[in-house]
Structures are given as structure tokens and as C-alpha cells.
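K.L.:
Task: produce atomic coordinates for the following.
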Amino acid sequence: MATTNNFLTTPTKTPSDKSNTSSSSASRKHHHSSDISSNRSMSEFRNRFEAYNRLQAAAVAFGEKLPIPEIVALGGQSDGKSSLLEALLGFRFNVREVEMGTRRPLVLQMVHDPTALEPRCRFQDEDSEEYGSPVGLASAIADTIKSRTETLLKKTKTAVSSKPIVMRSEYAHCPNLTIIDTPGFVLKAKKGEPERTPEEILSMVKSLASPPHRILLFLQQSSVEWCSSLWLDAIREIDPTFRRTIIVVSKFDNRLKEFSDRWEVDRYLSASGYLGENTRPFFVALPKERTTVSNDEFRRQVSQVDSEILRYLRDGVKGGFDEEKYRSNIGFGCLRDFLESELQKRYKEAAPATLALLEQRCSEITAELSRMDSKIQATSDVAHLRRSAMLHAASICNDVGALIDGAADPAPEQWGRTTEEEQSESGIGSWPGVTADIKPPNATLRLYGGAAFERVMHEFRCATYSIECPTVSREKVANILLAHAGRGGGRGITEAAAEIARAAARSWLSPLLDTACDRLAFVLGNLFDLAVERNHRRNSDYGKKSGDMDGYVGFHAALRHSYNCFIKDLAKQCKELVRHHLDSVTSPYSQVCYENDYVGSFGSAANSIYRFNQASAGSFFLELSDGPTLRNETTKDQENIPPEKNPQEITPGKGGESRDALRECQMTVPETPSPDLPSDVNYGVKKELGNCIDIGARKRHSRIVGNNRNCDNIRGQNGGGFLFGNGDIGLKSGSAYSDICSSAAQHFARIREVLVERSVTSTLNSGFLTPCQDQLVVALGLDLFAVNDEKFMDMFVAPGAIDILHDERQSLQKRQKILHSCLTEFKSVARAL
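P.N.:
Below is the predicted model of the structure:
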């Protein structure tokens with residue numbers, strides 16, 4: 001695989017000596033034709049090499065990802081990597097002094113130019129394919145590398161950077177070779193550098209070496225045994241079989257003294273057992289002295305070290321070494337020729353694929369340039385922009401409607417949210433006044449759109465039904481009850497309990513209604529990003545762009561702002577509506593507290609209402625998360641929902657059975673004298689229109705409390721006067737105070753049920769979902785497009801936007817020109833192949 005080096009001096013690419021004058025004429029013709037063929041081959045390689053160099057420069061300048069065959073030099077600190085690069089260049093420029101100072105890759109483009117008797121080095125300008133003026137002094141090269149590195153790292157505020165520095169060197173004594181020099185591996189950051197610098201260098205070098213089109217040149221000094229190599233495992237991670245890795249053992253002269261017999265040398269040179277049978281490392285030594293010498297003297301020293309190593313292996317070791325097997329892998333000259341021939345072979349193999357890729361990239365650049373021209377032209381075509389913007393806005397609105405109706409695209413696993421995530425990201429937190437842990441069904445599933453909306457609605461039900469009428473102090477009861485008692489009549493307890501329940505409902509249920517509106521608005525607000533993602537994927541699948549609106553950042557920002565304002569307005573309107581319903585149901589003129597809706601035994605009326613409400617809320621939402629599938633097991637795990645009576649009921653509150661049950665519980669029960677109660681002539685005998693319900697209610701209250709003597713305790717003169725104090729007829733524990741608290745709790749439950757089941761649910765659905773599906777596109781259209789042309793164009797032509805578009809177009813034109821030039825050149829190379 002390696003190329004044998006027959007010269008110990010640096011080749012100058014000059015023709016071989018003239019053949020013997022005694023050779024025959026036929027022999028001279030044969031040599032002459034051989035020289036012509038060799039020159040033609042070298043010329044073809046030179047053209048191919050120059051084409052790849054120009055392509056590489058364009059790739060670096062424009063960030064193109066092109067599979068150009070390249071050699072990447074890797075190795076630890078002080079493994080001789082910098083000395084090898086100087087030997088390949090043919091002159092010293094003190095690169096070793098800046099190795100610890102540079103934290104950027106260095107692309108060395110070495111061009112063999114017989115006319116360049118002194119090295120001509122130029123650096124490629126940053127972010128450009130152009131090269132600067134030649135750098136004369138060798139010391140200036142190191143200074144340029146160091147200053148460019150420091151400037152970029154300060155700008156990016158990083159310890160290392162993968163953006164390369166490109167240097168082109170034309171010299172009569174260097175081969176046609178391109179090598180990417182990487183920062184050396186280190187175990188510990190130097191003083192003043194971040195502690196993670198070694199890890200960042202290793203990560204950067206791995207990323208540079210990972211592309212399969214790159215050849216790895218790994219250096220390790222000879223004093224390190226293969227079994228204890230620090231960086232060999234890192235190379236195995238990149239190239240496990242060393243198929244594209246060239247291993248170089250540097251500082252080979254330090255190991256020579258250990259060899260005395262031939263078998264020792266051959267065993268070491270074979271590296272058997274560590275690198276595999278097909279991997280043959282190169283063994284190189286270079287001059288150690290760093291004294292200032294001329295370039296000619298430096299090259300002579302390099303050749304002299306090669307000669308001394310061979311002389312020692314032949315004469316200093318008993319029996320010499322297996323020259324037939326290992327001679328082609330010993331010495332710097334052999335490595336240099338092998339690298340040049342290997343890169344030439346890779347260039348030739350990659351030329352057809354590179355040509356095809358260039359044609360593809362040129363077509364893409366041309367299409368991109370055409371789109372840029374259309375975008376610049378569209379800035380003056382208001383009608384075209386209006387049409388494209390309207391189509392895009394309508395598409396977003398359609399996607400929002402589809403997400404509300406129920407959709408699973410994009411993936412809910414990625415875009416959906418759990419109940420806990422919704423509470424956290426919305427910044428709303430838990431339900432105000434609720435101490436219980438509200439766990440609605442499917443709380444752990446990632447939902448969005450209509451499914452998430454329904455889950456929040458059910459969570460609101462659970463939170464509302466978990467709140468009971470709060471305990472009322474005796475002072476409040478006395479103030480309310482005495483006021484009603486002084487007005488006469490027989491409805492003192494009922495009116496007092498109702499007033500307590502209304503005040504509690506206004507105080508405790510109002511924050512829950514506001515929270516429900518805010519949570520629902522958050523769910524709907526998230527649909528904009530999902531709609532944009534759906535729109536983008538649909539257009540990508542069909543290979544088109546909806547009006548080509550991708551680059552108009554101002555328009556997209558205005559569209560998002562308009563959508564958010566629409567959702568905020570809906571939330572504000574819904575808050576006003578549900579508060580209106582709360583005010584209505586808690587109004588003193590509302591008959592909610594006096595409706596005869598207690599079914600069955602009077603003594604279980606309060607519990608029956610609570611069970612009905614909780615069962616209705618519990619069965620409204622199907623449990624789809626991981627866990628038991630039986631309904632009774634599901635509700636048992638939900639601490640806010642007691643077991644329901646009828647397991648066959650699927651959606652109580654909406655189905656026919658629930659309506660029948662609700663209708664039955666709202667029937668007026670005729671008053672029937674109970675044999676358990678004594679006849680009371682003074683209390684409620686006189687019935688006026690509308691008082692029948694009141695008497696029935698009072699009888700139920702007494703049975704609920706379980707004290708048949710309540711009528712005697714609360715009865716007073718003139719239809720029911722009440723006294724509070726220490727007298728015989730005072731407010732006692734378990735009598736009037738308990739009756740009022742119990743009755744207030746029943747009234748509160750009734751207000752809560754009517755508010756949630758009859759009013760709020762339908763109001764929130766019609767207040768949020770219906771406008772999003774029917775009015776969104778009109779609202780956005782009026783906000784964005786019902787304006788004059790000047791204001792409309794503000795979304796598209798921001799200050800300086802036209803200049804930015806023209807700069808992008810100019811950059812694309814420049815890239816197109818360079819790539820077309822490379823394409824033309826590679827077509828010529830392909831014809832020569």
C-alpha cells in the first residue's frame with residue numbers, strides 16, 4: 001500500500017538524470033516516452049489537486065458540506081505533529097510555539113511549484129474565498145495564526161472553535177498535499193483556560209475526523225507502548241478497523257537503542273496484536289535541534305535523520321531488519337510520498353461523485369437565487385403579498401380548527417403537555433382555595449387542542465366539587481338571622497342560610513371561574529405553534545411553500561400577536577359571562593336556593609345531592625392513561641370523585657338518563673304530614689301563594705338535622721321571632737346554628753351544581769371553541785389586512801430589510817459564481833480521467 005522512497009533527500013520534482021550515452025537509440029526513445037507519460041500524469045494530478053483546493057476554499061468560505069478527500073492530523077500534545085507539518089512544508093515557521101495558543105483547526109494547502117524558490121504563504125480571508133497578500137517572514141505566519149485564533153475566541157466567548165484557518169503555501173520543496181492540523185489532545189487545561197478545554201478539544205477533533213471521506217493521520221511518539229496509549233481508543237471510536245487511518249510512530253530515534261537483535265526490531269515494527277494484521281504504521285524521526293537554520297539546511301537535516309535511522313537498523317542491529325517488508329514504512333520521505341500518492345488516489349476516486357454533487361449544489365443555489373429575486377420583487381408588489389399573506393393566515397386558522405376538532409399531528413408525545421406541565425408553564429399553578437390534590441383522568445397524558453380543553457373543563461369540575469360551604473362564625477349567623485327575624489314571617493332560617501350560601505359562592509367560586517378561563521386560554525394559545533408546525537410539514541410533504549412566507553419575520557410576528565390578542569379577548573369575554581352567571585345564581589331574587597330538588601328520604605338529601613354531582617363530574621371524562629380499566633377501579637383512584645351508583649352511565653349530565661334523573665330530582669314534592677312530627681298550628685299553618693315550598697323545606701331541614709324538636713326551639717311569637725343571648729330560648733349548639741349551617745351547605749351545593757352543570761360548561765364551550773372555529777379567520781383578517789398599503793407593508797419591509805435582502809442576493813450570486821467555476825473545472829478533470 002505504501003510507496004517506496006528511493007531518495008533520502010527531498011525530491012524537487014525534476015526529471016531524472018539523462019540515460020547513459022552508451023544506451024541504444026531504442027532505449028533512449030523508451031525513456032523519453034516514459035518521461036512524457038510521467039509528466040502528463042503529474043500535470044493531471046496537479047490540475048486535479050488545484051481543482052480540489054479551490055473547491056475546499058469555497059467550502060470553507062461558504063460553509064458548504066462537500067465530501068472532499070482530506071487528511072486530518074491528530075495526536076496528543078508533544079507527539080511531534082507540528083514538526084511533521086514543518087517537514088512537509090519544507091521550512092520552519094515556529095508552529096510549535098503557537099500550538100498551545102491556537103485552538104482552531106489549520107488547513108494547510110501545500111502546492112508544489114518548481115518556480116517558487118522561496119515559500120509563498122497566504123491566508124484565506126475570514127468568511128471569504130479570497131486569499132490575502134503573501135506573508136514574507138516565517139515568524140509572521142505564527143503571529144497570524146495566534147492573532148486570528150484569539151480574535152475569534154473572544155468574539156464567540158469559547159475556549160475552542162471548529163472554524164478553520166486556511167493557509168496556502170506554494171513552494172518548490174513541498175508536495176501537493178492538503179492537511180487539516182487539529183489542536184493537540186491534552187489531559188489538563190493550561191493556566192487561564194476553562195477546565196473543560198480538554199473535553200472540548202476532544203469533542204471538536206472527533207467531529208472533524210468523523211466524516212468518512214477524511215483520512216486520519218494519527219501520531220504517537222515511540223516511547224508510548226500500544227497497550228498504554230492514551231489516545232488510541234479515541235481513534236478506535238472514530239475508525240474502529242483503522243480502514244482510513246494512517247498511524248505514525250514519531251520520535252522513532254528515541255527507541256533505536258533498545259534494539260540489539262533482528263527479531264526485536266521486526267516484532268516492534270509489525271505492531272502485531274495491537275493494530276491488526278492489515279495496519280502497518282510508519283516510523284519517523286525528525287531533527288531535534290531548534291536552532292535557526294536556513295530552509296536548505298533544515299531539509300538536509302531531515303534527510304540526514306532518515307539516513308542515520310536506516311544505517312543504524314542495518315549496521316547497529318545484529319542481523320539488520322526485514323527490509324523487504326518494513327523498508328517502505330521507515331523514514332519521513334516514505335511517509336511524505338505515501339500521503340501524496342494516497343491523496344492523489346482518493347481525489348481520482350472521488351472526482352465523479354464530486355462532479356455530481358457540484359451539479360446538484362449549483363442547481364440548488366440557482367433555485368435559491370431565483371426565490372430571492374422573487375422575494376425582492378414581491379416587496380414592491382403589494383397585491384401579491386396580500387394574497388400570499390391571506391392564504392397563509394387562512395391556512396393557520398384551518399389548522400387551529402382541526403386541532404380543536406381532534407388531531408394527532410404533530411406528535412402529541414413531543415408537542416402535548418400533561419396537566420402538571422400546563423399548570424407550570426402557564427404560571428397559573430393550582431386552583432385557588434382548593435386544598436385537595438386535583439387529579440383529573442388522563443392527567444399524565446400529553447394532550448393538546450380539543451382534548452386538552454376538555455381535560456381542563458373536567459379538572460375545573462373536580463376542583464369546584466371539592467369545595468364545600470365554609471364554616472360560618474356565630475356572629476355572622478346572628479347578624480344575618482336577626483335581621484331577617486325582625487321583619488316577621490316564617491322564612492328566617494331559610495333566608496339566612498341562603499344568604500350565607502350566596503356569599504360563600506361569590507367568594508369561593510369566582511376565583512375558580514377566572515382560573516378556568518385562564519387555563520383554557522393557555523391551551524388555545526398554544527395551538528398557534530402547533531398550527532405553524534402542521535402547516536410547515538404539510539408544505540414540506542407536498543414540496544411547496546405557502547406563498548413563500550418563510551422569510552417575513554415581521555409578518556409572522558404580527559400574525560402571532562394578532563392571534564394572542566384574539567385569545568385574550570375571548571378569555572376576557574368569557575370571564576365576564578361566567579361572572580354574570582355567578583351573579584345571577586347568587587342573586588337574592590334567584591329561586592335556586594328554594595327549588596324542591598331533594599329526592600327520596602329527607603334525612604339523606606344533602607348527601608344525595610353531593611353524590612349526584614360528584615358522580616356526574618366523575619363519569620364525564622373517560623380515563624385513558626395507564627392503570628385499571630374497570631370504571632369502579634378508575635374512580636376509586638381519583639380522590640376527588642366518589643364511586644358512582646350507576647356503572648352503566650357513560651356521560652351523565654349530557655345523556656338521556658341523566659336528564660331524566662335531574663328532572664325527577666327537581667319535581668315538587670307535595671307536603672304530607674309526617675306521623676313522626678307533632679302538629680304545629682302556629683308555625684306555618686297559614687299558607688299563602690308561594691309558601692308551600694318554604695314549609696316543605698323547613699320540614700326537610702328538621703329531618704336532615706335529625707332533631708324533631710327544632711320547630712319548638714326556633715318557634716317564637718308573631719310568626720317566628722328569635723333571641724340570642726343567655727336566656728332559655730337562646731341560640732344553642734346543635735339547634736338553630738346547626739340548622740342554618742346545614743341548610744347553607746345544601747344551598748351552596750345547589751348553587752354550585754346549577755352554576756357548573758347548567759351555565760358555566762356551555763358558556764365556556766361557546767365562548768372559546770365556537771369563536772376559534774367560526775370567527776378566527778375573520779378577526780385576523782380584519783386586524784392584519786383591513787389597513788392601507790403603507791401600514792400593511794410595515795410588516796414586510798422593515799427599516800434596512802431591503803438592504804439585507806440585496807446583501808443576501810449578492811452573497812448567493814458570489815457563491816453561484818464560485819461553484820459554477822469549480823463545476824467547469826471538474827468537468828475538465830473528468831474528461832481527462
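
K.L.:
Enumerate the strands of the stretch 451-600 of the chain by residue range, in sequence order.
P.N.:
Shown for the stretch 451-600 of the chain, no strands are assigned by DSSP state E, counting those that start in this stretch.

K.L.:
Correction: the previous question concerned the chain.
P.N.:
Ranges of strands within the chain are 70-75, 106-112, 120-123, 165-171, 177-181, 214-221, 245-250, 282-283, based on DSSP state E.

K.L.:
Quick check: which of these is nearest to residue 808?
P.N.:
Nearest of those to residue 808, taken as Cβ to Cβ: strand 165-171 at 23.7 Å. C-beta coordinates here come from the backbone N, C-alpha and C atoms, glycine included.

K.L.:
So what are the sheet partners of that closest one and their directions?
P.N.:
Taking DSSP bridges as the criterion, strand 165-171 pairs within the sheet with strand 106-112 (parallel), strand 120-123 (antiparallel).

K.L.:
what about the longest helix in this protein?
P.N.:
Residue-count comparison of every helix in the chain, with assignments taken from DSSP state H, identifies helix 332-378 as the longest.

K.L.:
one step back: most tightly surrounded among the strands paired with strand 165-171?
P.N.:
strand 106-112 (a mean of 22; mean count of other Cβ atoms under 10 Å).

K.L.:
Measure how that one sits relative to strand 177-181, angle-wise.
P.N.:
Per axes from the mean of the first three to the mean of the last three Cα atoms, to 10 degrees, the angle that strand 106-112 makes with strand 177-181 is 160 degrees.

K.L.:
Name all residues that make contact with residue 820.
P.N.:
If a contact means Cβ atoms under 8 Å, 6 or more residues apart in numbering, then residue 820 has residue 362 as its contacts.

K.L.:
Do you know the pLDDT at it?
P.N.:
Confidence at residue 820, expressed as pLDDT, is 80.

K.L.:
repeat for residue 538
P.N.:
The confidence metric pLDDT takes the value 82 at residue 538.

K.L.:
how about the strands paired with strand 165-171, which one is nearest residue 765?
P.N.:
Each of the strands paired with strand 165-171 was scored for nearness to residue 765 using Cβ to Cβ, and the closest is strand 106-112 (64.1 Å).

K.L.:
Got the phi and psi for residue 284?
P.N.:
Its backbone dihedrals place residue 284 at phi -130, psi 140, with angles given as degrees, to the nearest 10.

K.L.:
And the residue lying closest to it once chain neighbours are set aside, how close does it get to residue 142?
P.N.:
Closest residue to residue 284 in three dimensions, ignoring its sequence neighbours and counting by Cβ to Cβ, 6 or more residues apart in numbering: residue 332, at 5.0 Å. Taking Cβ to Cβ, to the nearest Å as the criterion, residue 332 is separated from residue 142 by 22 Å.

K.L.:
more crowded one of the two?
P.N.:
Taking neighbours as other Cβ atoms under 10 Å, residue 332 and residue 142 compare with residue 332 leading, 27 against 20.

K.L.:
tell me the contacts of that one?
P.N.:
Contacts for residue 332 (Cβ under 8 Å, 6+ apart) come out as 84, 87, 284-286, 302, 305-306.

K.L.:
Distance check, it against residue 141.
P.N.:
As defined by Cβ to Cβ, residue 332 lies at a distance of 21 Å from residue 141.

K.L.:
try residue 383
P.N.:
Taking Cβ to Cβ as the criterion, residue 383 is separated from residue 141 by 58 Å.

K.L.:
again with residue 537
P.N.:
Using Cβ to Cβ, which is the criterion applied here, residue 537 is 50 Å from residue 141.

K.L.:
Comparing these two, which shows the higher neighbour count?
P.N.:
Set side by side, residue 537 and residue 141 give different neighbour counts by other Cβ under 10 Å, the larger being at residue 141 (23 against 12).

K.L.:
my guess is that one contacts residue 167, does it?
P.N.:
Yes - with contacts counted by Cβ atoms under 8 Å, residue 141 reaches residue 167, the gap being 7.2 Å.

K.L.:
Mutual contacts of those two, please.
P.N.:
When contacts are counted by Cβ under 8 Å, 6+ apart, the set common to residue 141 and residue 167 consists of residue 121.

K.L.:
Quick check: nearest residue in space to residue 234, chain neighbours excluded?
P.N.:
Spatial nearest neighbour of residue 234, chain neighbours left out: residue 202 (6.5 Å); criterion: Cβ to Cβ, 6+ apart.

K.L.:
what's the distance between the one you found and residue 216?
P.N.:
14 Å.

K.L.:
again, but for residue 496
P.N.:
Note on residue 496: its distance to residue 216, by Cβ to Cβ, is 90 Å.

K.L.:
the more surrounded of the two?
P.N.:
Neighbours per residue, other Cβ under 10 Å: of residue 496 and residue 216, the larger number sits with residue 496, 27 against 20.

K.L.:
That one and residue 480 touch, don't they?
P.N.:
Yes - Residue 496 is in contact with residue 480 according to Cβ under 8 Å; the separation is 4.6 Å.

K.L.:
picking that back up, quick check: which of the strands paired with strand 165-171 is nearest to residue 824?
P.N.:
Using Cβ to Cβ as the criterion, the shortest distance between residue 824 and these is 20.2 Å, found for strand 106-112.

K.L.:
ok now the closest one, how far from the chain's centre?
P.N.:
Mean-position distance between strand 106-112 and its chain equals 39 Å (Cα atoms, centre = their mean, to the nearest Å).

K.L.:
Just the CA trace of that strand, in CSV.
P.N.:
The C-alpha trace of strand 106-112 is given here as CSV (Å, rounded to 0.1, in the frame of the first residue of the first chain):
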residue,chain,number,x,y,z
LEU,A,106,-5.4,24.8,10.5
VAL,A,107,-5.9,23.8,6.9
LEU,A,108,-2.5,23.6,5.1
GLN,A,109,-2.8,23.7,1.3
MET,A,110,0.7,22.7,0.1
VAL,A,111,1.2,23.3,-3.6
HIS,A,112,4.4,22.1,-5.3
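
K.L.:
tilt between that strand and strand 70-75?
P.N.:
Using the same axes, to 10 degrees, the direction of strand 106-112 lies 120 degrees away from that of strand 70-75.

K.L.:
tell me the angle strand 106-112 makes with helix 332-378.
P.N.:
For strand 106-112 against helix 332-378, the angle by the same axes, to 10 degrees is 110 degrees.

K.L.:
so for strand 106-112, what's the average pLDDT?
P.N.:
Averaging pLDDT along strand 106-112 gives 85.

K.L.:
Export the strands of the chain to CSV and append columns for distance to residue 755.
P.N.:
Formatted as CSV, the strands of the chain follow (distance: least, Cβ to Cβ, whole Å):
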stretch, distance to residue 755
strand 70-75, 72
strand 106-112, 73
strand 120-123, 77
strand 165-171, 72
strand 177-181, 73
strand 214-221, 71
strand 245-250, 75
strand 282-283, 86
